[in-house]
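> got a predicted structure here, sequence first:
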Number of protein chains: 2
Amino acid sequence: MPYQLYYWPTIQGRGEFVRLALEEVQAPYTDVARGKNGIARPMEKMAAGATPPFAPPFLVAGEQTLGQVANILQFLGAAHNLAPRARAGRLWVNQLQLTIADLVAEVHDTHHPIAVSLTYEQQSGAAKKRAAAFVDERLPKFLDYFELVLSKAGKGGFLLGARLSYADLSLFQLIEGLRYAFPAAMARLQAAYPRLANLREQVAARPNIAAYLRSARRLAFSEEGIFRHYAALDR
Amino acid sequence: MPYQLYYWPTIQGRGEFVRLALEEVQAPYTDVARGKNGIARPMEKMAAGATPPFAPPFLVAGEQTLGQVANILQFLGAAHNLAPRARAGRLWVNQLQLTIADLVAEVHDTHHPIAVSLTYEQQSGAAKKRAAAFVDERLPKFLDYFELVLSKAGKGGFLLGARLSYADLSLFQLIEGLRYAFPAAMARLQAAYPRLANLREQVAARPNIAAYLRSARRLAFSEEGIFRHYAALDR
């Protein structure tokens, strides 16, 4: 039975980290809310099960409903060989994914530093301050970290070296999103992160990922998602 | 060999979620930075290993260095029977822990909505706005969710029903912290969440946890940690 992915139908958002893993391994899946009924009914059903997710995305896999991106990816990593089987390697990939998730949350808050219930325009003053601190302090700290991890991983260019894991797919998406949201900052920073640039290119060139990126299934970045481009927030 | 926990020596912070699990199962551990050498040397060593953590807390367990609270707890849960062995239950506890982590991050940002490099006083205007949205919108949404999960879990009062997991220990700490940071809001809200109140009492009454809370190993809440009480942010 195909997996059922439940996520907002018009944005990449956090659902995209799950889509990339499903696409890489060519797992059959339905992106439920992009069907003709949209998001309303799936969201009503969300609280009905024994293990209700707090928010989308969530994945229905047979009897199981899984929420939280890093948790869904842990499941998919084990089921589709996108993570090592041995405990130490499995936990290390999870740890990297959680650090990616931390950075994703900080990117979101650059445009929504006060409240998710307000528009960007209603908090653009605070957003400008938060984005400045993000670009100057937080972003280089995270990018330094991932570059360090890649430098320790040895040949192959992935976070584990030669072996692809779901964290590589997420790191690709993170870099893509950062380049969309902060083109000036990323252009200025990119020379310092050759290993991250190489990882991005390697993931984009994988046949299943390349086919997905060219397909209509890949939504465009936009100012509705996590990675938003507002010129006032870029440096 | 005892575990080595590396975390800031003067605050509960994110390290406290790990400490509570170690204390509940009476696992031998050293809280390294609270020794005479403090935090400096451990932090220097952080980037030295093959799997460097991004930030404290991290746990050294034999050959392995583990970062990210939810990842450390996944490891401890498996090693000390604080989570189910079966895949579905193990992932469900992880999912709950990640949702707790999301709320912890939002609590932190109520007093630091602009930049971690600034003091609270330097961002208190934005903090007041963010805290208002947090108390009015985000906090009830999360508490509703955990109360729902407890209502579905059946008898026993824990997130899995009768069986204690590390997520219960973390949820206890979360409620304690919220009561410290937002006493007025939590007093107003508490009648709506009887199952959460019961869980807090049950965890606090566990012999190993009760002994820990009375000990000098339990640091006090303060305005240096994640859960900070500023009257201007409470409602």
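Great, that's in hand. Numbering: from 1, shown residues only, chains lettered A, B, ... in the order given.
> and the strands in chain A?
Under the criterion DSSP state E, strands of chain A are mapped to A:3-6, A:29-31, A:58-61, A:64-67.
> would the first one count as contacting chain B?
Okay, so that is strand A:3-6. No: using C-beta under 8 Å from any C-beta of the partner chain, strand A:3-6 stays clear of chain B, with a minimum separation of 14.2 Å. In short, each C-beta sits where N, CA and C put it, glycine included.
> returning to that earlier point: adding mean neighbour count and mean pLDDT as columns, could you present the strands of chain A in TSV?
TSV is the format used below for these (neighbours: other C-beta atoms under 10 Å in any protein chain shown; pLDDT from 0 to 100):
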stretch	mean neighbour count	mean pLDDT
strand A:3-6	22	95
strand A:29-31	17	95
strand A:58-61	23	95
strand A:64-67	21	95
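> check contacts around the nearest residue to residue A:20 once chain neighbours are set aside.
Spatially, and ignoring its direct neighbours in sequence, residue A:20 is nearest to residue A:169 (4.3 Å; C-beta to C-beta, 6 or more residues apart in numbering or on different chains). Residues near residue A:169 by C-beta atoms under 8 Å, 6 or more residues apart in numbering or on different chains: A:17, A:20-21, A:24, A:82, A:203, A:209.
> ok, residue A:169 to chain B distance?
As for residue A:169, its distance to chain B is 18 Å (criterion: C-beta to the nearest C-beta, to the nearest Å).
> against residue B:191, how distant is that residue?
45 Å (C-beta to C-beta, to the nearest Å).
> just to revisit the earlier point, just the ones of the contacts of residue A:169 in helices?
A:17, A:20-21, A:24, A:203, A:209 (DSSP state H).
> what's the closest of these to chain B?
residue A:17 (13.2 Å; C-beta to the nearest C-beta).
> so how many other residues sit close to that closest one?
Residues lying near residue A:17 (other C-beta atoms under 10 Å in any protein chain shown) number 26.
> model confidence for the residue nearest to residue A:20, exactly?
According to the prediction, residue A:169 has pLDDT 99.
> what's the distance between it and residue A:182?
21 Å.
> my guess is residue A:158 contacts residue A:171, does it?
No: using C-beta atoms under 8 Å, residue A:158 makes no contact with residue A:171, being 9.0 Å away.
> overlap in contacts, the two.
Counting by C-beta under 8 Å, 6+ apart, the contacts common to residue A:158 and residue A:171 are residue A:199.
> those two - which one has more neighbours?
residue A:171 (26 against 22).
> ok, so what distance separates the more buried one from chain B?
Distance from residue A:171 to chain B, by C-beta to the nearest C-beta: 13 Å.
> ranking helices and strands of chain A by mean pLDDT, which lands last?
The helix or strand of chain A with the lowest confidence, counting by mean pLDDT, DSSP states H and E, is helix A:40-45 at a mean of 69.
> ok, which stretches of chain A are helices?
Counting by DSSP H, the helices of chain A are A:15-24, A:40-45, A:69-79, A:87-111, A:124-133, A:139-152, A:166-181, A:183-189, A:194-204, A:207-214.
> out of these, which comes closest to residue B:142?
Closest of the helices of chain A to residue B:142 is helix A:87-111, at 14.7 Å (criterion: C-beta to C-beta).
> pLDDT on that closest one, on average?
The model assigns helix A:87-111 a mean pLDDT of 98.
> please compute how far it lies from its chain's middle.
The chain centre lies 9 Å from the centre of helix A:87-111; the measure is C-alpha atoms, centre = their mean, to the nearest Å.
> measure stretch A:160-168 end to end?
Stretch A:160-168 stretches 9 Å from its first residue to its last (C-alpha to C-alpha, to the nearest Å).
> okay, buried residues for that stretch please.
For stretch A:160-168, the neighbour count (16 or more other C-beta atoms under 10 Å in any protein chain shown) marks A:160, A:163-168 as buried.
> same check, this time on stretch A:4-23
Going by 16+ other C-beta under 10 Å, stretch A:4-23 has these buried residues: A:4-9, A:11-23.
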